[in-house]
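*Asks:* Take a look and give me a structure for this.
(one chain, ligands or ions: 1)
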Amino acid sequence: MGCSGRYCLLTLFLCLVTELALGVRVVPKRKKEAINVPDDQSTSASWWQAGTATPFRESSNSFSSTHGLVQTHPTADDPFGSSFGGIGSTIGPSSNPYGHSGSGPLSGGVRNNPLPSIARSANGKLSLKHLDFTSSATAELRRNPALSAPDECARACRENEPPRICYYHFTLELYTVLGAACQVCTPNATNVVWSHCQCVLADGVERGILTANRMLPGPSIQVCENDKVVIDVENHMEGMEVTIHWHGIWQRGSQYYDGVPFVTQCPIQQGNTFRYQWQGNAGTHFWHAHTGLQKLDGLYGSIVVRQPPSKDPNSHLYDYDLTTHVMLISDWLHEDAAERYPGRLAVNTGQDPESVLINGKGQFRDPNTGFMTNTPLETFTITAGRRYRFRMINAFASVCPAQVTFEGHNLTVIATDGEPVQPVQVNTIISFSGERYDFVIEANNIPGAYWIQVRGLGECGIKRAQQLGILRYARGPYQPSSPAPTYDIGIPQGVVMNPLDAMCHIKRDDAVCVSNLKSAKPVDQALLQERPDVKIFLPFRFHFYKPKDLFKENTYRNFLVAPGGDHVLSLVDEISYSAPPAPPLSQMHELSPDLFCNGDNRPPNCPVDCRCTHMIDVPLNSIVEIVLVDEVQSPNLSHPFHLHGTPYNVIGMGRSPDKNIKKINLKHALDLDRKGLLHRQYNLPPFKDTLAVPNNGYVVLRLKADNPGYWLFHCHFIYHIVIGMNLILHIGTQRDLPPVPPNFPRCGHHLPSITPPFYPIH
Ligand SMILES: NCCC(=O)NCCc1ccc(O)c(O)c1
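*Replies:* Purely as a prediction, here's the structure:
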């Protein structure tokens, strides 16, 4: 059964046994030419056959496939056609239950199918596999004819087309990378079995994970602007509660479905299903768990809300906007994220990831043995002469910035965090947890295969975490001809989008700061008046505990053991956020006002133990300015702050102009502001919802508070969230909110009065 190679399935399992001591599943180093199994081949078991040539593909330039889904336009370069205006057909998941190609472990064979709303499998039967793995999803779609399936929603968007209701069902489970499902996904298996393959490969290293629908990333949501998106989240994670946040979706009118635990909802209990529903604002977004550390264990996936080309100011810059050209990058551990929290002192210290994944794929070189896994790398296919919109999502959870570079190709940035910007051409993009960058790649090089490098920067430099992918021209070779870039000898970086030095005000041609970007859509003039209605300075830092203060008897203070062994707590405006026992959005009247605090109203025990629900009230429709000031005393960190509910405009960004100031702080920032020395520029400041505050620097943000609700504003690093680097921006009053949905789940303490014991009954 496909076990013809030198390393058949059985051998591999023997390898596993011998490698158990390492806890790492590795395969012997392969001949160089076999490093990257083209992902179109991953319908075969070729990735198991380490070291062997891949017979029918290495020499083949055709689209034909010996099994699985068949390319229906075998002679065309690019079978997408151009009948859908500037967008091109948006396809891929149409024949793939995994959502975009990258999300399915063995996807790729389904790439480039033209736009049928229901895919045909090789045997010609209509395939319903996109519906879900669960019969409940299929049942819901059958029951309600108003609902559209994922593949029907992932389409080219047209003006005047009626909106759809797009239905998704996520089943969340504890699961395994390289579990026994991977034995089922063998060659010669029928297409149906392959299509339902539940094998998660990640970087080829075995571990326990959390999954939605047994995929990594989880299902991709790809819809058109104005579609209604309905997601039933069924929690089957043993002993875990969960919420899912739809990062970048504003939730106007659907405040209850923002997915922040104890802010907008009670977490979904094990065994329960919670129905999220919202209408998406256009752009590249993503979803992820917002509870605990679950996101880092695999609970994330892409969201793309497309528009008719006429509504995108940059649509003339690209020919195709394919479902398969979503690039979700994530950092990856080889153990549960909770193993690093609060943090260990001897082995596996700190929270830095071992690895990086591109659409859940990658390879890993074991630093102890030098052995490298041979799992498939993500491959994006393009055709010479065409221009492609790529949608990059930084789903990192750790503190590492990510640097993305494409060999031999410029990147024209056209949007960030879902919002269009005037195009700028760069060669490499540095992004932080929670950011999205959309860029255009023109297939203008020699048709071949080119490396994609994603390098973890900052603390990730210690373990040299990186990942590779391949940009491949249709009908060209599958393997890049150049040597694989390494961490230390990478693809030349050229012009950098988002340089870490944040030198944004000098003229330079080697970098573009976020604050240099110009919005490609108009900015409300009211936002740009000199005096905002509300101005909020928010310094943030760590509190470094002395261990003897931290471990006092009868105290249980929150902390993280940072990579250097420091025990730290997060403070925003000297307050460490702790969640209330029930969400203010739905149960405010039951919450004691004493729980809440802010800079004007800190609890009496501050700063010694300053934990409370940090909440700042701003009036509905006010113009708000927020100045974030990095008071963190560590040279390596820039903290990305994400705002729920509404985007902000980036008015300014920088560092102290005073060379004598070694470390910026609130007092100095106030001083600079008084002197008019905080950089502000009002000419089309870009919209963002996640922005890294430069190390030892500041950012100036503006927003119109016109979406009432309780919106979390926080550092997007997952281990900083759990030690309190959050606050709630409360816009408007209870009266401004839509009513609590009927039967909305409730939570809170159970502290009844203590009743006296019964008299014993004889
Ligand atoms: N006196 C400098 C030492 C220092 O800054 N130590 C903490 C840095 C830190 C904190 C939290 C993290 O999550 C992290 O990765 C690194």
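
*Asks:* doesn't Ser136 fall inside a helix?
*Replies:* Yes. Assessed by DSSP: H, G, I helix; E, B strand; the rest coil, Ser136 belongs to a helix.

*Asks:* Pretty sure Ile664 sits against Leu628.
*Replies:* No. Counting by C-beta atoms under 8 Å, Ile664 sits too far from Leu628 to count as a contact (10.9 Å). Placement of C-beta: from N, CA and C, glycine included.

*Asks:* For these two, work out which one has more neighbours and name it.
*Replies:* Leu628 (26 against 22; other C-beta atoms under 10 Å).

*Asks:* Quickly note the distance from whichever residue of the stretch 51-200 of the chain sits closest to the ligand to Pro694.
*Replies:* The ligand sits closest to Val177 of the stretch 51-200 of the chain, with a gap of 24.5 Å, by C-beta to the nearest ligand atom. Val177 is 36 Å from Pro694, where distance means C-beta to C-beta, to the nearest Å.

*Asks:* Then Leu737?
*Replies:* 35 Å.

*Asks:* out of those two, which sits in the more crowded spot?
*Replies:* Applying other C-beta under 10 Å to Leu737 and Pro694 shows that Pro694 carries more neighbours, namely 26 against 18.

*Asks:* quick one, what contacts that one?
*Replies:* Residues near Pro694 by C-beta atoms under 8 Å, 6 or more residues apart in numbering: 500-502, 630, 638, 653-655.

*Asks:* May I see those organised as CSV, with distance to Glu407 and neighbour count added?
*Replies:* Below are these laid out as CSV (distance: C-beta to C-beta, whole Å; neighbours: other C-beta atoms under 10 Å):
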residue, distance to Glu407, neighbour count
Leu500, 22, 18
Asp501, 24, 13
Ala502, 27, 23
Asp630, 34, 25
Ser638, 27, 22
Met653, 30, 26
Gly654, 32, 22
Arg655, 32, 19
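
*Asks:* how about these in JSON lines, adding pLDDT, distance to His567 and secondary structure?
*Replies:* As requested, the contacts of Pro694 are arranged in JSON lines below (pLDDT from 0 to 100; distance: C-beta to C-beta, whole Å; DSSP: H, G, I helix; E, B strand; the rest coil):
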{"residue": "Leu500", "pLDDT": "95", "distance to His567": "26", "secondary structure": "coil"}
{"residue": "Asp501", "pLDDT": "91", "distance to His567": "30", "secondary structure": "coil"}
{"residue": "Ala502", "pLDDT": "89", "distance to His567": "29", "secondary structure": "coil"}
{"residue": "Asp630", "pLDDT": "98", "distance to His567": "20", "secondary structure": "strand"}
{"residue": "Ser638", "pLDDT": "97", "distance to His567": "22", "secondary structure": "coil"}
{"residue": "Met653", "pLDDT": "96", "distance to His567": "31", "secondary structure": "strand"}
{"residue": "Gly654", "pLDDT": "93", "distance to His567": "31", "secondary structure": "strand"}
{"residue": "Arg655", "pLDDT": "92", "distance to His567": "28", "secondary structure": "strand"}
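
*Asks:* Any chance of the residues you listed in CSV with distance to the ligand as columns?
*Replies:* Listed next are the contacts of Pro694 as CSV, based on distance: C-beta to the nearest ligand atom, whole Å:
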residue, distance to the ligand
Leu500, 15
Asp501, 19
Ala502, 18
Asp630, 12
Ser638, 12
Met653, 22
Gly654, 22
Arg655, 18
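
*Asks:* Tell me the span between the first and last residue of stretch 217-237.
*Replies:* 17 Å (C-alpha to C-alpha, to the nearest Å).

*Asks:* any idea of the mean pLDDT for it?
*Replies:* For stretch 217-237, the mean per-residue pLDDT is 98.

*Asks:* Please renumber the chain so that the first residue is 40 from this point on.
*Replies:* Sounds good: first residue 40 from here, last item stretch 256-276.

*Asks:* So what's the gap between it and the chain middle?
*Replies:* 14 Å (C-alpha atoms, centre = their mean, to the nearest Å).

*Asks:* Show me which residues of it are buried.
*Replies:* Neighbour counts over stretch 256-276 (16 or more other C-beta atoms under 10 Å) mark 256-274, 276 as buried.

*Asks:* Let me see the contact set for Gln672.
*Replies:* Taking C-beta under 8 Å, 6+ apart, one finds 580-581, 583, 702 in contact with Gln672.

*Asks:* Could you report the neighbour count for the residue in the chain that the ligand sits nearest to?
*Replies:* Going by C-beta to the nearest ligand atom, the ligand is nearest to Ser673 of the chain, at 2.7 Å. If you count neighbours by other C-beta under 10 Å, Ser673 ends up with 17.

*Asks:* Could you find the closest non-adjacent residue to it?
*Replies:* Phe581 (7.6 Å; C-beta to C-beta, 6 or more residues apart in numbering).

*Asks:* Three-state assignment for that neighbour, please.
*Replies:* Secondary structure, three-state DSSP: Phe581 is strand.

*Asks:* That one contacts Val671, doesn't it?
*Replies:* Yes. Phe581 is within contact range of Val671, at 5.8 Å (criterion: C-beta under 8 Å).

*Asks:* burial count for the residue nearest to the residue of the stretch 90-239 of the chain closest to the ligand when sequence neighbours are not counted?
*Replies:* Nearest residue to Val216, sequence neighbours excluded (C-beta to C-beta, 6+ apart): Ala241, at 4.6 Å. The tally of other residues near Ala241 (other C-beta under 10 Å) stands at 25.

*Asks:* just checking, Ala241 touches Ile248?
*Replies:* Yes. Judged on C-beta under 8 Å, Ala241 makes contact with Ile248 at a distance of 7.5 Å.

*Asks:* Spit out the residues that contact these two alike.
*Replies:* In contact with both Ala241 and Ile248: 216, 255, using C-beta under 8 Å, 6+ apart.

*Asks:* before we move on, the earlier item: now do the same contact list for the residue nearest to Val216.
*Replies:* 216-217, 248, 255, 371, 396, 399-401, 414.

*Asks:* Same check on Val573?
*Replies:* Val573 neighbours (C-beta under 8 Å, 6+ apart): 657-658, 661-664, 744.

*Asks:* Narrow those residues to just the buried residues.
*Replies:* The buried subset of the contacts of Val573 - by 16+ other C-beta under 10 Å - is 657, 662-664, 744.

*Asks:* Out of those, list just those in strands.
*Replies:* With strands taken from DSSP state E, the overlap with these comprises 657, 662-664.

*Asks:* residues from the chain in reach of the ligand?
*Replies:* Taking C-beta under 6 Å from any ligand atom, the part of the chain that reaches the ligand is made up of 390, 438, 498, 581, 599, 601-603, 605, 607, 672-673, 676, 758.
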